[in-house]
Structures are given as structure tokens and as C-alpha cells.
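Peer 1: give the three-dimensional model of this entry:
(one chain, ligands or ions: 1)
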Amino acid sequence: MEKFIMAIDQGTTSTRSIIFDHNRNIVAMSQKETNLFYPQPGWVEQDANEIYLSTLAVCMDVLSKSSIEANQICAIGISNQRETTILWDKKTGLPIYHAIVWQSKQTDVICDEWKEKGYEEIVKKKTGMRIDPYFSASKIAWILNHVPQAREKAEKGELLFGTVDSWLVWKLTGQKIHITDVSNASRTLLFNIDSCQWDEELLSVFDIPKSILPEIKPTSYFYGNTMPAIFLNEKIPICSVVGDQQAALFGQGCFEKGDVKNTYGTGGFMLMNTGNQIVRSQSGLLSTVAWQIGNEVTYALEGSIFVSGSLIKWLRDEIKIVHSALETEEMAQSVSSCNGLYIVPAFVGLGAPYWNDKCRAAIVGLTFGTNQNHMVRAALESMAFQSKDVLHSMVKDSGVSFTSIKVDGGAAANNFLLQFQSDILMCDVKRYKINELTALGAAFLAGLNCGYWTKEDLKMELDYVFKPSRSKENVDQIYAGWKRAVKACMTF
Ligand code: ADP
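Peer 2: Prediction:
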């Protein structure tokens, strides 16, 4: 009987389930959009139950589409949006508040307080991160402080906290197993990257009770079986749990120190594998855990860009100058340049390397000649400019220079974007045939654990290599314009 691996990719805007065969082909895929709520300016929330129900729905759907029986699935691997924070009641299994999404800025006051109290240095040293609403700790504190009785309940051991991975594993195992993996734990601001354990001192200064935290496990690991009621009495082992960006790094085959990948999803994420070494950034990048297999922990340097593909979604849904993300490629190519137009998509502030949570988006350089094609082109260009900013910092911090990067994510389907990125980075940009590398990374990690694949099986076929085609003078000139636009946005 042929066997398969099922990946669950729980992203910010949708949940996907994909079944892979042994040759790493996608046998079937199911996707369901999930709602985002914006209760106040800068706040971003989701319904945690909807996240779980969408996961069940896509898992059922992918099985029925593929006509594969549940007993043919060797293992499930889960990749998930990171940092998004859920607190739920241990007994009822009900979330006590919406999931606070990674993009949300509702905890900026808490973060300002923590900075004023001088916690910045210990946070940086212990976690490799920085104090920012992006990470889970301030979101946990916010829920504990704002939801009636939450703190009392937490102190009595009646509440559990989890990022989306913990929530899904807890629900899928019949409300039994409360775990997370090192890649997700390293995004909470409560995790010590040297010891790979929860940090007692940080828990104490942030006033977060340890009893609500999940147990930390490796990334490729047998956590438990799904409860029988889900898959027609079959129990399927869950064998990997991994943050989406680290999953993509693994799926891209970035196994060696110095390998870099760039994901263009809702946000933009560039990660460099730094091996068993924690590289401390001097330029606003994060030192994160990439994964743990057995006892071996691999680290990465990361630049997170808050708004990338979601800028295109905004042009489609709010500004309504495009009907679909797909047509942006042709629109951008229909004009030869932006004519000096720049969009700085600081809708929720700017992430790496600027880390400014107060500034907001700006469009500069408008003329009467500006039309929607220039706007679309400037939007796509801004995605590439942001990754150039991050790449510059990575080279500076790590001392490693490279000749190519690997790309994935929804917007990596856009040929204009990748050619422009290659031009301004002046390096090769490589895209694989399979674009679902986040799901594939989770599948690989699960398949390695259950013996379905070995590391040698994980080599992939390239789809296209974009080669740089612009002069250095031209690149310098347009990039200088981008830097001026960012400065204008931050000083407004
Ligand atoms: P996530 O996993 O973060 O939810 P995806 O990796 O699926 O997101 O990427 C979706 C994002 O990419 C959306 O914000 C969408 O606007 C953008 N996108 C999708 N296709 C294209 C395209 N062809 N060109 C530009 N942007 C695109």
C-alpha cells in the first residue's frame, strides 16, 4: 500500500493541507481562507476556533480529493504562522480571547513600558529578539491584563497558552498534548536561545506564570497521535511542528551554514542558516532557532518584513486598482519604470532593519503622470527593496557574502518581482518548481522523523534562475530613492 505524508500549513490568511508522495510531488491540496479582524486601528485578530475548524476542513477535503485513505498517511507535519498568541481554558477548551495575530500592534504600550524599565538588553541577550509587539510575550500579558479573571485563572493553573502550533496539536490530540517546538518557542520572547528552555528571569519580569506554557520539544519529533474521531478511527502520528519561516528554510534545502531563503507571503522573511552558531546582529536582525533534529540545534539569522504580499491584497481589496494579484505582473511590466514613485508599506510600522512601530505607510513621488500601473509597480518594487535592506544587514552581521538566494511564498509566482529583485540585489534569484516550500519543509521534517525520507531524498528541482540585468549605477540610483522615501516615512 503506497504511503504519503500530510502537511498542514496554517498561514495568516489561509490554512492549507497538502499530501506529498515519496517523490515529493503534491498529490492533492486543499485550502481555506481564514478571517482577520481589525477591531481598532493597528489591531489584528483571528478566531482561534476558526483556525482549528479550517484545519479539520482542509485535512478532510484533501483526503477526499486524493482518494487516499487515512491509514496511508505515515505522519502529519505542521507549519504555522508564528508568534500569534492564543490563551484558552484548560477544562472547556475554549479560547478566552481572540488569537492576537503577529502583525497586531495592540500591545505597543506594554512594550514601551518594558523598554522604559530597561529590559531591552536582557531580552536581546537571552532571546536573540527585541522588545516589540510582534512577539508573543506582550500579547500574553495583554490578554492576562484585559480579559476579566484571566490572571487569577492563569495563576490557578486553569489556562494554557500556545502559539498556533500548540493550539492545533492540543486540539488534534483530543485536548491532551500541550507542546511547542524550539522554532516556535524562540519567537515568544520567553525562550532562552542558549539553553533552549523557558527563561525563569524573563517570565518573572514580564509577570507570566510558567504553568500556562507548553513543553518544549525538538522540531522533528513524535509528539502524539491525532484523536481517533478526526480521521475515521485512524490515529495519525504528528511528527513535526515548525514555524512557517523555518519550515520554508528547511523546504528550500538550506541545510548548510550561509544558505539564504526569502519568502514573499503576507509578510516578507529572509533567513540565513548560521549552523550551530548564534550570530548576534548589530543591525536589527533576529537570532532565531531554525530547527532541532535529535539533539542538534540549528540557528538562523532573520529579517522580518511586516508587509509584503499584503500590500498587493490592499491594492486589490481596499484601493481596488487590481482585480487579482495575478494581473500585477503584467501591469508592472506595462511601464518601463515607476517614474520616481515609491510606496513604503509601513501600515503597521517597519520591521527589520528599521524597527519603527510608530511610522505609517507613505506614497511619495506622485505626479500627474502617475497611473495605476506605476502604483502596482511601485508596490512590487517596495517588496524587493525591503528584502535588499535586510540582505545588506545580513551580510554585515554574518560576514558571509553570497551569489544567490532562493525564493518562495505566494508572491514568488510574480516574474516581474523576482527579476527586479535579482536586478537590485545583483545576484541570482532561484525559484523551485514546487512553490509550497513551507508545507514541504514541515512534511520533510515529519518524514525524516518517521523514516519515510532520509536527508538525501530532500534534493529539489529548480524551476527558474533570474539573472541580474541592470548596471550598478542604475541600481544605486533607484535604491537611493528608496532610502529617501523610507526616511521621509519615518520622519513624517
Ligand atoms: P501567507 O502564507 O502569508 O498567508 P502566501 O504565501 O499565500 O501568504 O502569499 C499570499 C500573498 O501574496 C498575498 O498577500 C497576495 O496578495 C500575494 N500574492 C499572491 N500572488 C501574487 C502575485 N502573483 N503577485 C504579487 N503578489 C501576489
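Peer 1: which bits of the stretch 351-492 of the chain sit near the ligand?
Peer 2: Gly409, Gly410, Ala411, Ala413, Asn414 (Cβ under 6 Å from any ligand atom). The way it works is simple: take the backbone N, C-alpha and C, and place the C-beta from them, glycine included.
Peer 1: the residues you listed, buried ones only, as a ChimeraX selection?
Peer 2: Applying 16 or more other Cβ atoms under 10 Å to those leaves a buried subset, and the ChimeraX line that selects it is:
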select :409,410,411,414
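Peer 1: what is the nearest of the residues of the stretch 351-492 of the chain next to the ligand to Thr188?
Peer 2: Set against Thr188, the nearest of those by Cβ to Cβ is Gly409 (23.4 Å).
Peer 1: contacting residues for Ser304?
Peer 2: Contact partners of Ser304, counting by Cβ atoms under 8 Å, 6 or more residues apart in numbering, are Tyr134, Gln245, Gly267, Gly268, Phe269, Leu286, Gly351, Ala352.
Peer 1: lowest-confidence member of these, which is it?
Peer 2: Minimum pLDDT across the contacts of Ser304 is recorded for Ala352, with 81.
Peer 1: wasn't it part of a helix?
Peer 2: No: with DSSP: H, G, I helix; E, B strand; the rest coil as the criterion, Ala352 is located in coil rather than a helix.
Peer 1: show me what contacts it?
Peer 2: Taking Cβ under 8 Å, 6+ apart as the contact definition, Ala352 lies against Gly284, Leu285, Leu286, Glu302, Gly303, Ser304, Ile305, Asp389, Val390, Ser393.
Peer 1: any low-confidence regions in the stretch 251-400 of the chain?
Peer 2: The model of the stretch 251-400 of the chain has no residue with pLDDT under 70.
Peer 1: strands of that one, residue ranges please.
Peer 2: 260-264, 268-273, 286-293, 296-305, 342-344, 362-364 (DSSP state E, counting those that start in this stretch).
Peer 1: let me see the residues that make contact with the third one.
Peer 2: Defining contact as Cβ under 8 Å, 6+ apart, one finds that strand 286-293 is touched by 128-130, 181-183, 185-187, 191, 193, 196, 218-220, 242, 246, 249-250, 271, 273-274, 278-281, 297-304, 352, 445, 448.
Peer 1: from the residues you listed, keep the buried residues only.
Peer 2: 128-130, 181-183, 185-187, 191, 193, 196, 218-220, 242, 246, 249-250, 271, 273-274, 278-279, 281, 297-304, 352, 445, 448.
Peer 1: before we move on, back to that, closest to Phe4 out of the strands of the stretch 251-400 of the chain?
Peer 2: Across the strands of the stretch 251-400 of the chain, Phe4 has its closest neighbour in strand 286-293 (21.4 Å, Cβ to Cβ).
Peer 1: could you give the angle of that closest one to strand 268-273?
Peer 2: 60 degrees (axes from the mean of the first three to the mean of the last three Cα atoms, to 10 degrees).
Peer 1: what's the closest non-adjacent residue to Arg298?
Peer 2: For the record, residue 298 is Thr, not Arg. Excluding the flanking residues, the one nearest Thr298 by Cβ to Cβ, 6 or more residues apart in numbering is Ala290, at 4.3 Å.
Peer 1: what's the burial count for the one you found?
Peer 2: Neighbourhood size, Ala290 [other Cβ atoms under 10 Å]: 28.
Peer 1: gap between it and the ligand?
Peer 2: According to Cβ to the nearest ligand atom, to the nearest Å, Ala290 and the ligand sit 19 Å apart.
Peer 1: list the contacts for the residue in the stretch 1-150 of the chain that the ligand sits nearest to?
Peer 2: Using Cβ to the nearest ligand atom, the closest approach of the stretch 1-150 of the chain to the ligand is made by Gly11 at 3.1 Å. Contacts for Gly11 (Cβ under 8 Å, 6+ apart) come out as Gln81, Asp244, Gly265, Thr266, Thr438.
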